[in-house]
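Chemist: Build the 3D model from these lines:
(one chain, ligands or ions: 1)
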Amino acid sequence: MAILKNPSVDDIVSSSILLWSALLILVCLLGDVLCSFASQSLLLWRAVADNMIHGAVGVVAWAVVVMPGFSVDKWGQCLLCGLLASVIDLDHFWQAGSFQLQDAVSLQQRPLFHSTSLVLVLSALLWVVSLVFRLYILRKVTCMCAVAWLSHHLRDASRRGLWFPPLGSTPPLPYAVYIGGTVVLSVLMHYGYSGYYQAPSAQERILEVVPKVVVQ
Ligand SMILES: [Zn+2]
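Modeler: Okay, here's the model as predicted:
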């Protein structure tokens, strides 16, 4: 008979974060393979595929942050993050002043919500407001918007660079920097986020999933 030691909460959390990060990399890579197939098709399908991949990356990026497990609430948050990552492309139509897709993709200048400066400044402001007024929900929304929009910007940046008005744009980022940057963003947010929202869920998960003693 052998008694196996239960894995610690830290062991479970770190193996989960590795798995979710690996899934995030997979979604980024497969998404772009899918988009390369769609590049032969109509403009509409290319745009839809590209936008759906932004959404999928947003979903999994937030999953790295909260590690949803079987929590319906956390999966809801992941879907919301995916939606936020997708909807910012609507600013193409806003900037074009037209609902025509051709107009939206033929802009001379990048649209407002693709400004990384704006997202960083807005996130910092909202974060300060949430701290000052102790608005828990605003803090969570700020983290989610930052992950959704910065992951979108990083993906776009592999083609067009990051845009930091009024300073200008970086050159297109190497593909590995986009993938690595997206993972680093999510993992850093995970640790920052769990610092504020000390997740009893990790403890709960271990109690639910791992038997106390395994007898052989
Ligand atoms: Zn975009």
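Chemist: Show me the strands in this structure, by range?
Modeler: Secondary structure of the chain (DSSP state E): strands located at 163-164, 168-169.
Chemist: My read is that residue 160 contacts residue 171, right?
Modeler: No - using CB atoms under 8 Å, residue 160 is not in contact with residue 171, being 9.3 Å away. To be clear about C-beta, it is placed using only N, CA and C from the backbone, and glycine gets the same treatment.
Chemist: Just confirm residue 34 contacts residue 51, I think it does.
Modeler: No - between residue 34 and residue 51 there is no contact under CB under 8 Å: 12.0 Å.
Chemist: What about residue 42, how many residues nearby?
Modeler: Residue 42 is flanked by 10 other residues according to other CB atoms under 10 Å.
Chemist: next one: the one 3 residues further on
Modeler: Using other CB under 10 Å, residue 45 has 13 other residues around it.
Chemist: Give the closest residue to it in space, chain neighbours not counted.
Modeler: Distance criterion CB to CB, 6 or more residues apart in numbering; nearest residue to residue 45, sequence neighbours excluded, is residue 38 at 5.4 Å.
Chemist: what sits against residue 157?
Modeler: Residue 157 makes contact with 170, 172-173, 178, according to CB atoms under 8 Å, 6 or more residues apart in numbering.
Chemist: Among those residues, which ones are in helices?
Modeler: residue 178 (DSSP state H).
Chemist: Adding pLDDT and distance to residue 143, write the contacts of residue 157 out as JSON lines.
Modeler: What follows is those, written out as JSON lines (pLDDT from 0 to 100; distance: CB to CB, whole Å):
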{"residue": "170", "pLDDT": "95", "distance to residue 143": "24"}
{"residue": "172", "pLDDT": "96", "distance to residue 143": "27"}
{"residue": "173", "pLDDT": "96", "distance to residue 143": "23"}
{"residue": "178", "pLDDT": "96", "distance to residue 143": "21"}
